[in-house]
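**Q** please find the sequence and the predicted model below.
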There are 2 protein chains.
Amino acid sequence: MAEVDRSVSQTVKAQLALRDQILSGSLRPGERISELQAVETTGASRTPVRMALVRLEEEGLLEAIPSGGFMVKAFSERDISDSIELRGTLEGLAARFAAERGVSARELEPLKECLAAIDELLRQVPISIEAFSSYVALNARFHALLTELSRSPPLVRQIDRASALPFASPSGFVMAQSALPEAQQILIIGQEHHRVVIDAIENREGARAEAIMREHARLAVRNLRLALRNRTHLDLLPALALIKTATD
Amino acid sequence: MAEVDRSVSQTVKAQLALRDQILSGSLRPGERISELQAVETTGASRTPVRMALVRLEEEGLLEAIPSGGFMVKAFSERDISDSIELRGTLEGLAARFAAERGVSARELEPLKECLAAIDELLRQVPISIEAFSSYVALNARFHALLTELSRSPPLVRQIDRASALPFASPSGFVMAQSALPEAQQILIIGQEHHRVVIDAIENREGARAEAIMREHARLAVRNLRLALRNRTHLDLLPALALIKTATD
DNA sequence: CGAATCAATATTGTATACATTTTATCACGA
DNA sequence: TCGTGATAAAATGTATACAATATTGATTCG
């Protein structure tokens, strides 16, 4: 038998490999995933592969076929924009909880560091691909930290689950790569939202904190729509394969 | 080998059996679930049991132990009230989508039937246990139908996931069984909310539809708090075992 | 020529054996 | 007495064999 990597479990290995295949477009939406094939491509045996498939189904990337097995789920453009709005709604709740329940200055520090780091990146005009890549990571970190401030494990969990689709979606990447004039402007507006939400939480203004996160999500939706109207570089983005060609 | 029920898959059978054990309190929060033991109690073999465990973990009832295996998750009172508010927030979004996207009279019909049926039940003063049981079913149906009106599969999916905890929680049952004077009053207020949300959707008032569903959730939270202050009949409600005794 | 049926094949569902890791127990020594 | 270490038991992680089901293709009949 082939060498096995003992550092991570076979189940996790299979899950990561399969998710990669889905997000990279090796497996097309609607396509049935054969366990045997998955066993060959992931190197794990059938049991961990099956566990990975169940997890990916729960994650929302796969869909169970009634007669047995799984297929790659297909998403419409609206499915993705709804998911973004959904996530924004939950993040709004998290921001409100944070504001209402109170947050110490010490807890806000990492958020502010993120903010400053993003400011630094956005000073570049136009922003480079490398800088944009850093931006994506920092932005994700900011949102994760903000979510944690809610001190609500169930909410954190839900937001994590709700993030699968928005993150698999290509909105930000497309914007950057298509080098639209709007791209940088949208990032700057988003950063302003970040600044406001921190201010609202500091001043314990729950309603304002919530409202700005929902606005933030609506910005992301507009971002996605704009990106999809300018599909120049879309084939560079395999994640987009998730989007059904014939959308509603 | 023992007889096997071929009408449902072993995986589903195991999942249902285990969920029953958790919700009925046979398995206490924090307790490790032994696969071998689960195999004995469910009648399925280890493979389907493991799949069921993974599903229940994703469902939020179990927690993975780092060193391996799963344990029953414990929830604080605040975890549950947060989950109720979270669900209300998502239902608010669903109601807003429904209002904004438009709903035909034909689609609203089953909702109105639910409404009328609940009205009929609430005419009893005080409400009987049997009637209350019907109420619970009708109420769940109303919420499910309302969710569907959003025409957003990702949102419907998220709401389903967010419902696990609120439904496992004992709020309504405790209220009814403890026969508090407030119990019936709360049901009546809730019914009023149902009426308002339908009206708002019919008139395409998204903001109002959303607001009322969030208020509806806050009512449920007050209901839960009230119930937990009057723990007279709590031991009748095994689902409550989910709540940690030492809450924050 | 098309549709239906049956057989062959492939794939999933289930069970179990094996390997590895974790955990409990006990003995020994400080 | 308490802590530490080794050993044994138990539990999980993994792999694979077997059973049942679904799918495909070919053949035959209308």
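**A** Structure received. Residues are numbered from 1 along each chain as shown, chains lettered A, B, ... in the order given.
**Q** all helices of chain A, in order?
**A** Assigned by DSSP state H, chain A shows helices spanning A:10-24, A:35-42, A:46-59, A:77-101, A:105-122, A:129-148, A:153-162, A:164-168, A:171-178, A:181-202, A:206-229.
**Q** got these as JSON lines, with distance to chain B, mean neighbour count and mean pLDDT columns?
**A** In this view, the C-beta of every residue, glycine as well, is placed from N, C-alpha and C. Output for the helices of chain A, formatted as JSON lines (distance: least, C-beta to the nearest C-beta, whole Å; neighbours: other C-beta atoms under 10 Å in any protein chain shown; pLDDT from 0 to 100):
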{"stretch": "helix A:10-24", "distance to chain B": "9", "mean neighbour count": "19", "mean pLDDT": "90"}
{"stretch": "helix A:35-42", "distance to chain B": "13", "mean neighbour count": "15", "mean pLDDT": "94"}
{"stretch": "helix A:46-59", "distance to chain B": "4", "mean neighbour count": "21", "mean pLDDT": "94"}
{"stretch": "helix A:77-101", "distance to chain B": "5", "mean neighbour count": "24", "mean pLDDT": "95"}
{"stretch": "helix A:105-122", "distance to chain B": "17", "mean neighbour count": "15", "mean pLDDT": "95"}
{"stretch": "helix A:129-148", "distance to chain B": "12", "mean neighbour count": "17", "mean pLDDT": "87"}
{"stretch": "helix A:153-162", "distance to chain B": "5", "mean neighbour count": "21", "mean pLDDT": "94"}
{"stretch": "helix A:164-168", "distance to chain B": "6", "mean neighbour count": "21", "mean pLDDT": "72"}
{"stretch": "helix A:171-178", "distance to chain B": "15", "mean neighbour count": "22", "mean pLDDT": "49"}
{"stretch": "helix A:181-202", "distance to chain B": "17", "mean neighbour count": "18", "mean pLDDT": "90"}
{"stretch": "helix A:206-229", "distance to chain B": "9", "mean neighbour count": "19", "mean pLDDT": "89"}
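**Q** and of those helices, who's closest to B:Lys112?
**A** B:Lys112 lies closest to helix A:77-101 among these, at 26.0 Å (C-beta to C-beta).
**Q** ok and the closest one relative to helix A:105-122, angle-wise?
**A** Interaxial angle, helix A:77-101 versus helix A:105-122 (axes from the mean of the first three to the mean of the last three C-alpha atoms, to 10 degrees): 140 degrees.
**Q** so what does helix A:77-101 touch, helix or strand wise?
**A** helix A:129-148, helix A:153-162, helix A:164-168, helix A:181-202, helix A:206-229, helix B:77-101, helix B:153-168 (3 or more C-beta pairs under 8 Å, 6 or more residues apart in numbering or on different chains; DSSP states H and E).
**Q** now do the fourth one: everything it contacts.
**A** Residues lying outside helix A:181-202 but in contact with it, judged by C-beta atoms under 8 Å, 6 or more residues apart in numbering or on different chains, are A:95, A:98-99, A:103, A:108, A:111-112, A:114-115, A:118-119, A:122, A:125-127, A:135, A:139, A:142, A:146, A:149, A:175-176, A:206, A:208-209, A:212-213, A:215-216, A:219-220, A:222-223, A:226.
**Q** circling back to that earlier point, can you list the helices and strands packed on helix A:77-101 in JSON lines and add distance to A:Leu61?
**A** Below are the helices and strands packed on helix A:77-101 laid out as JSON lines (distance: least, C-beta to C-beta, whole Å):
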{"stretch": "helix A:129-148", "distance to A:Leu61": "18"}
{"stretch": "helix A:153-162", "distance to A:Leu61": "12"}
{"stretch": "helix A:164-168", "distance to A:Leu61": "7"}
{"stretch": "helix A:181-202", "distance to A:Leu61": "26"}
{"stretch": "helix A:206-229", "distance to A:Leu61": "18"}
{"stretch": "helix B:77-101", "distance to A:Leu61": "20"}
{"stretch": "helix B:153-168", "distance to A:Leu61": "12"}
